[in-house]
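[1] what follows is a predicted structure for the sequence shown.
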Amino acid sequence: MQSNARLLTGVKIDKSRLSARLDRLRNASVKQVGIAFSESILNIESNLKLPHALMDRTMALMAVTQRLNELRQRQPNLTDEEIVDRFAGGIWDEVTENSASRAHFKKAAFQELESLLKQSDLLREAVKSMLRSNVALAWSAFECLAEDLAQAKNKHGSKLGFRSLDSIRKSYAIIFGNNPKLARILGRRNLRTLEQIRHVVMHKGGRVDAAFIQKTGRKLKPGKRLVLTASAVSRHTNAAISAGIGLLRFCDL
């Protein structure tokens, strides 16, 4: 059985590819849309890393507090304020910059987070909900990117829709015609999977249905609540990034 804390490990967001594409964009309006998309992606990465980062900092603070208490015992003539003023900064740097200490705190933080998640049903379910929600955010980021790029290119004021992958594909066909490059960008299976996950998260309370199983090919029982790890959320977010880069490149005319 997978440990609870491992739900939050394996965060690998492919932001470097997106950053490199933004640097090469020539059209100012397209670049502005790309920057907004990039900021949404960075928010997802921050959300995924937050629990471990908070626990890591907590363990470091506990170590610093212990060291300061030891100093207080050795130098009882100093006040608490003097100990903090004279030693806290140096101890913090020593604790947080030493590679051996860092490795120790990461391990301790992982173990403490595992313990907390194991003991608290509420916290464990909150983490799972957060992970599902971030997949929905990844789809929303892509959806907004697709809409903003298309509207910028919609010179004839055509009525367009962007609430599903099919409506996005139809809207782009209205503007650009049946372009094979667009068909490849918007026809990726992992993008369809991302859309379907977002649908069950937002409309089904995270529980899969027959339509989800049929469209994604996942072997799950209808009604089962979808469980995602940070690693899986990263993969689905990277699917949004890849498709987003494709649209940015295509629209950068």
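    That came through, no problem.
[2] in this protein, which helix or strand is least confident?
    Ranked by mean pLDDT, DSSP states H and E, the weakest helix or strand in the chain is helix 89-97, scoring a mean of 71.
[3] excluding chain neighbours, what is closest to Ile168?
    Computed as Cβ to Cβ, 6 or more residues apart in numbering, the closest residue to Ile168 that is not its neighbour in sequence is Ala146, at 4.9 Å. In short, each C-beta sits where N, CA and C put it, glycine included.
[4] apart from its neighbours in sequence, what residue is nearest the most centrally placed residue in the chain?
    Of all residues in the chain, the one closest to the mean position by Cα atoms, centre = their mean is Ile44, 2.9 Å from it. Nearest residue to Ile44, sequence neighbours excluded (Cβ to Cβ, 6+ apart): Asn134, at 5.1 Å.
[5] next: Gln75.
    Of all residues not flanking Gln75 in the chain, Ile83 sits nearest, at 7.3 Å (Cβ to Cβ, 6+ apart).
[6] count the residues that sit near the one you found.
    The local packing of Ile83 (other Cβ atoms under 10 Å) involves 16 other residues.
[7] wait, isn't Glu45 in contact with Leu18?
    No - the pair formed by Glu45 and Leu18 falls short of the contact definition of Cβ atoms under 8 Å, at 11.0 Å.
[8] and those two? Which one has more around it.
    With neighbours defined as other Cβ under 10 Å, Glu45 and Leu18 compare such that Leu18 has more, 22 against 18.
[9] can I get the helix or strand the more buried one falls within in PDB, CA atoms only?
    Take DSSP states H and E as the rule and Leu18 turns out to sit in helix 15-24. This file holds the C-alpha atoms of helix 15-24, laid out as PDB (Å, rounded to 0.1, in the frame of the first residue of the first chain):
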ATOM      1  CA  LYS A  15       8.000  24.800 -16.500                       C
ATOM      2  CA  SER A  16      11.400  25.200 -18.300                       C
ATOM      3  CA  ARG A  17       9.900  24.200 -21.700                       C
ATOM      4  CA  LEU A  18       7.100  26.800 -21.200                       C
ATOM      5  CA  SER A  19       9.600  29.400 -20.100                       C
ATOM      6  CA  ALA A  20      11.800  28.700 -23.200                       C
ATOM      7  CA  ARG A  21       8.800  29.100 -25.500                       C
ATOM      8  CA  LEU A  22       7.700  32.300 -23.900                       C
ATOM      9  CA  ASP A  23      11.200  33.800 -24.500                       C
ATOM     10  CA  ARG A  24      10.800  33.000 -28.200                       C
END
